[in-house]
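Asker: I'll drop the sequence and a predicted model, then ask my questions.
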Amino acid sequence: MAFKIVWSEKALIDLSQILNYWVERNKSDLYSLKLSEMIFNRVELLSKYPNLGKRTNAKEIRAHLVKEYFLFYKIKDKNLIIISVFDTRKDPKKIRRRIK
């Protein structure tokens, strides 16, 4: 049984900023489309196998790496809640603020 996928507003904003960055940087949306597809496919996989992600120090939150991006998520009731999408090339001290 797969969990229902729920994206938090923060996670949607994170993903949008990442995809927009690549569109502007590359002057093309090709990479952003591929990255988006990769992330959404991985979220689908996590909805079926939620223990694929590693446990974090934060209670109930797991992290799963897709390319250079951590997907932070938790399971609540029958939902897989995507909390945040974090670029691992950024300052690691900012991670705590992303998953609260």
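Answerer: Here it is on my side, so go on. Residues are numbered from 1 along each chain as shown.

Asker: Tell me where the protein has strands.
Answerer: Using DSSP state E, the strands found in the chain span residues 4-7, 54-55, 61-66, 69-76, 79-87.

Asker: Nearest spatial neighbour of the residue nearest the centre of the chain, chain-adjacent residues omitted?
Answerer: The centre of the chain sits closest to L71, judged by CA atoms, centre = their mean, with a distance of 2.7 Å. Closest residue to L71 apart from its sequence neighbours, by CB to CB, 6 or more residues apart in numbering: H64 at 4.8 Å. Just so you know, the C-beta spots here come from the backbone N, C-alpha and C atoms, and that holds for glycine as well.

Asker: What is the neighbour count of that neighbour?
Answerer: 18 (other CB atoms under 10 Å).

Asker: Tell me which residues touch it, please.
Answerer: The neighbours of H64, taking CB atoms under 8 Å, 6 or more residues apart in numbering as the test, are 42, 46, 52-54, 70-71, 73.

Asker: what about it, distance to Y21?
Answerer: To Y21, H64 is 21 Å away according to CB to CB, to the nearest Å.

Asker: Next one: the most far-flung residue of the chain relative to its centre from E44, what distance?
Answerer: Taking CA atoms, centre = their mean, the residue of the chain most remote from its mean C-alpha position is K27, at 23.6 Å. As judged by CB to CB, K27 and E44 stand 30 Å apart.

Asker: do I83 as well
Answerer: In this view, I83 and E44 are 17 Å apart by CB to CB.

Asker: if you count what's nearby, which of those two comes out ahead?
Answerer: Higher neighbour count among I83 and E44: I83, with 22 against 12, using other CB under 10 Å.

Asker: Excluding sequence neighbours, find me the nearest residue to the more buried one.
Answerer: In space, I83 is closest to F72, 4.5 Å off (CB to CB, 6+ apart).

Asker: Check that neighbour and give its pLDDT.
Answerer: Per-residue confidence (pLDDT) for F72: 96.

Asker: The residue nearest to the centre of the chain reaches A63, doesn't it?
Answerer: Yes: counting by CB atoms under 8 Å, L71 touches A63, with 6.9 Å between them.
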